[in-house]
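> Provided below for reference: sequence and predicted model.
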Amino acid sequence: MENRNKNVQRINEMIRVSQVRVISSEGEQLGVMSTSEALMMAHEADLDLVEVAPDAKPPVCKIMNYGKFKYQQRKKDSKQQAPKGRLKELRMRPKTGEADIMVKVNKGREFLTKKDKVLVSINFRGREAAHIDEGMKLMQFVIEQLADVSRVEAPAKQLGKKITCTLAPK
């Protein structure tokens, strides 16, 4: 059995089979022909013969500009690998100092400008849970500070001893 590297596209003289099914540069079927005949047609058109379906019987080859094809493949692959908006979390407590809150807000701004979503959570411990209103004020302050780079995706809501809010980039 032949050892084939699936990542390598065979072109022109690298195609070692005797017969191939050929598709023209316009996309029309030219039928099954010898590889040497298909290569001559490609060279006459000043293009390359590229194997597009190596596992077919006979293998399918297309007459095309290989450089342009590779460029479009890279472009398509880079679009698929575009970073999805990850979820970053900013954790605070109602007693967090003002300077520390501003550090968290600036970090949140940085995440949002990098197209990441931000989950702002305010955790309550012990008796702090009796002062949910203080946590809501803090949450509102953070939302206002980040309003220029974000929009509220999920409004602030209390879940047990925690208040959470999700911000998405504008």
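Happy to help now that I have it. Residues are numbered from 1 along each chain as shown.
> Gly31 and Arg21 touch, don't they?
Yes - contact criterion C-beta atoms under 8 Å: Gly31 and Arg21 qualify, at 7.0 Å. Where C-beta positions appear, they are placed from N, C-alpha and C, glycine not excepted.
> how about the helices in this structure?
35-44, 66-80, 98-113, 132-145 (DSSP state H).
> looking at Gly31 and Arg21, which one has more neighbours?
Arg21 (19 against 8; other C-beta atoms under 10 Å).
> shaky segments in this protein?
Scanning the chain for pLDDT under 70 picks out the ranges 1-7, 81-85.
> how does it divide up, domain by domain?
Split into domains by automatic domain parsing, the chain comes to 12-79, 87-169.
> measure the most far-flung residue of the chain relative to its centre to Glu51 for me?
Within the chain, Arg127 marks the point farthest from the mean C-alpha position, 44.0 Å out by C-alpha atoms, centre = their mean. Between Arg127 and Glu51 the distance, using C-beta to C-beta, to the nearest Å, works out to 72 Å.
> could you do Gly97 as well?
In this view, Gly97 and Glu51 are 65 Å apart by C-beta to C-beta.
> neighbour-wise, which of those two wins?
Legend: neighbour count by other C-beta under 10 Å for Gly97 and Glu51, higher for Glu51 (21 against 8).
> picking that back up, which one of the helices of the chain lies closest to Ile11?
Shortest distance between Ile11 and the helices of the chain, using C-beta to C-beta, is found for helix 66-80: 5.3 Å.
> mind giving me the packing neighbours of the closest one?
strand 48-53 (3 or more C-beta pairs under 8 Å, 6 or more residues apart in numbering; DSSP states H and E).
> what residues sit buried inside the strand it packs on?
By 16 or more other C-beta atoms under 10 Å, the buried positions in strand 48-53 come out as Asp48, Leu49, Val50, Glu51.
> could you dump these to JSON lines with distance to Met64?
Below are the buried residues of strand 48-53 laid out as JSON lines (distance: C-beta to C-beta, whole Å):
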{"residue": "Asp48", "distance to Met64": "6"}
{"residue": "Leu49", "distance to Met64": "8"}
{"residue": "Val50", "distance to Met64": "6"}
{"residue": "Glu51", "distance to Met64": "11"}
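> turn the helices of the chain into CSV, including distance to Asn12.
Shown next, in CSV, are the helices of the chain (distance: least, C-beta to C-beta, whole Å):
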stretch, distance to Asn12
helix 35-44, 6
helix 66-80, 8
helix 98-113, 47
helix 132-145, 60
